[in-house]
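Asks: heads up, no residue letters with this:
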């Protein structure tokens, strides 16, 4: 059994059956001493020789990874902002619904000439049911992207 290293992916396998690994794609029994202890992202493969990139090269790889991480984080922040905006719109809808009910009750009081008239008018105002978490989630989802 031999060890093999993929020339493209830098996948290193020990105890490999060499006929299963074409030489065009794999280095058979590579000397890994120069890269031992370092992540494969820092390895350089030239022909069948595996070396470690310079410190400047490692710094460039790390900087590129950091940029990619920052880009991914920024896109997540954009998503969070969309969610917060949708929650705000949902909350505003709920506040407005309650305000409409209070306004309707106050209008009923102003328009009533008697207590029985007030009861009749108040009874015609729709009752506001309590919301479930599923309803809140669905309301927020419906606001996403708007």
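Replies: Received, thanks. Please read these numbers as outputs of a predicted model, since none were measured by experiment.
Asks: Centre-most residue in the chain?
Replies: Among the residues of the chain, the one closest to the centroid is residue 76, at 5.3 Å (Cα atoms, centre = their mean).
Asks: what's the helix or strand hosting that one packed up against?
Replies: Here residue 76 sits within helix 55-111, counting by DSSP states H and E. If you count contacts as 3 or more Cβ pairs under 8 Å, 6 or more residues apart in numbering; DSSP states H and E, helix 55-111 packs onto helix 115-123, helix 133-143. C-beta here means a position set from N, CA and C on the backbone, and glycine is covered the same way.
Asks: lowest-confidence helix or strand of the protein?
Replies: Of the helices and strands making up the chain, the lowest-confidence element is helix 115-123, at a mean of 81, by mean pLDDT, DSSP states H and E.
Asks: Just give me how far that one sits from the chain centre.
Replies: 52 Å (Cα atoms, centre = their mean, to the nearest Å).
Asks: Number the residues from 361 up from this point.
Replies: Happy to do that; since the first residue is 361 now, the last one works out to helix 475-483.
Asks: Enumerate the positions of it that are buried.
Replies: Residues 478, 481 are the ones in helix 475-483 that count as buried (16 or more other Cβ atoms under 10 Å).
Asks: Mind listing residues that contact it?
Replies: Here helix 475-483 makes contact (Cβ atoms under 8 Å, 6 or more residues apart in numbering) with 465, 468, 469, 471, 472.
Asks: Now list the buried members of the residues you listed.
Replies: Here, 16+ other Cβ under 10 Å leaves residue 468 buried among the contacts of helix 475-483.
Asks: what would the contacts of helix 475-483 look like in CSV with pLDDT?
Replies: Shown next, in CSV, are the contacts of helix 475-483 (pLDDT from 0 to 100):
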residue, pLDDT
465, 84
468, 81
469, 83
471, 77
472, 69
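Asks: Could you dump the contacts of helix 475-483 into JSON lines with distance to residue 426 added?
Replies: Shown next, in JSON lines, are those (distance: Cβ to Cβ, whole Å):
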{"residue": "465", "distance to residue 426": "58"}
{"residue": "468", "distance to residue 426": "63"}
{"residue": "469", "distance to residue 426": "63"}
{"residue": "471", "distance to residue 426": "66"}
{"residue": "472", "distance to residue 426": "68"}
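Asks: Thanks again, I'm all set now.
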